[in-house]
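1. Sharing a model prediction with you, sequence too.
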Amino acid sequence: MENINLLPIEFREKEKFNLRRIVLITFFILLVFASAYMYYYLELEIDFRESKLKIMKTELAALEKVIKEVKNLERDKKMVEDRIAVIEGLIENQSNLSRILGEFSATILDEVWFDNLSLNSNKTFNFSAKTFNNYLIAKYMVTLKDAPVFENIELSFVRKGKIKEDDKDVEIVDFQLSGIFLKNKLGEGK
């Protein structure tokens, strides 16, 4: 048989201590407090991370300015190095050209007059000159071939002409020579 309590609610006996209910209520309260604590902790963590992110963004912006300045300086350094290389090349070529001109002046004959001289960076030269006869052209070619800094001396053309000097017509010969100068032999024997 079952126990049925027919007494009105006021007179009924209060339920006795129920451990299971207390554990559930305590667990639920702890769960609510733990959730609130986790929410608050995560909100603080998010705020901390966001402030740290803002600081990193400002540092990154400052670093990007520095990186841009460094790139500009590297570009300027490269440009200056290129200019220095060009200047050094010009200085080297100038000294080589002055040596070549010195070699030309050492080989020139008194009876030969230069009209123009062109020196190329690929070690070749061309010049046109005037003299009195073909014998002097041949003599000058032999002089150039005997010089240790010139090779492959070739005669491009010969033209006879006349100039007026002291009311007389003087026969002259225009000619053009070309060849190669040897940079590595410049300055040897000096």
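-> That came through, no problem. Numbers count the residues shown, from 1 in each chain.

2. Quick one: the strands in the protein, in order.
-> Along the chain, counting by DSSP state E, strands occupy 113-119, 124-131, 150-165, 168-181.

3. So which of those is the most surrounded?
-> Burial among the strands of the chain, expressed as mean neighbours by mean count of other C-beta atoms under 10 Å, is greatest for strand 124-131, which shows a mean of 17. Any C-beta I mention is one placed from the backbone N, CA and C, and that applies to glycine too.

4. Show me the domain layout of this structure.
-> Domain assignment for the chain by automatic domain parsing gives 19-107, 111-185.

5. Residue 4: which of these is closest?
-> domain 19-107 (22.4 Å; C-beta to C-beta).

6. And the average pLDDT for that closest one is what?
-> Taken as a whole, domain 19-107 has a mean pLDDT of 90.

7. How far away from the center of its chain is that domain?
-> 21 Å (C-alpha atoms, centre = their mean, to the nearest Å).

8. returning to what we had before: give me whichever of the domains of the chain is most buried.
-> Ranked by mean neighbours (mean count of other C-beta under 10 Å), those are led by domain 111-185, with a mean of 14.

9. quick check, distance from that one to the centre of its chain.
-> With C-alpha atoms, centre = their mean, you get 44 Å for domain 111-185.

10. that older thread, export the strands of the chain to a markdown table and tack on distance to residue 34 and mean pLDDT?
-> As requested, the strands of the chain are arranged in a markdown table below (distance: least, C-beta to C-beta, whole Å; pLDDT from 0 to 100):
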| stretch | distance to residue 34 | mean pLDDT |
| --- | --- | --- |
| strand 113-119 | 92 | 81 |
| strand 124-131 | 92 | 85 |
| strand 150-165 | 97 | 84 |
| strand 168-181 | 93 | 86 |
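
11. Take those strands and write them to TSV, including distance to residue 78.
-> Output for the strands of the chain, formatted as TSV (distance: least, C-beta to C-beta, whole Å):
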stretch	distance to residue 78
strand 113-119	30
strand 124-131	32
strand 150-165	39
strand 168-181	33
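
12. Report the separation between residue 169 and residue 102.
-> 35 Å (C-beta to C-beta, to the nearest Å).

13. likewise residue 165?
-> Counting by C-beta to C-beta, the gap from residue 165 to residue 102 is 30 Å.

14. With residue 54 instead?
-> For residue 54, the distance to residue 102 - C-beta to C-beta - is 71 Å.

15. As TSV, the domains of the chain with distance to residue 9 would be great.
-> Below are the domains of the chain laid out as TSV (distance: least, C-beta to C-beta, whole Å):
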stretch	distance to residue 9
domain 19-107	19
domain 111-185	118
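
16. Could you point out which of the ones you listed sits nearest residue 2?
-> Of these, nearest to residue 2 by C-beta to C-beta is domain 19-107, at 21.5 Å.

17. With adjacent residues omitted, what lies nearest to residue 132?
-> residue 111 (5.8 Å; C-beta to C-beta, 6 or more residues apart in numbering).
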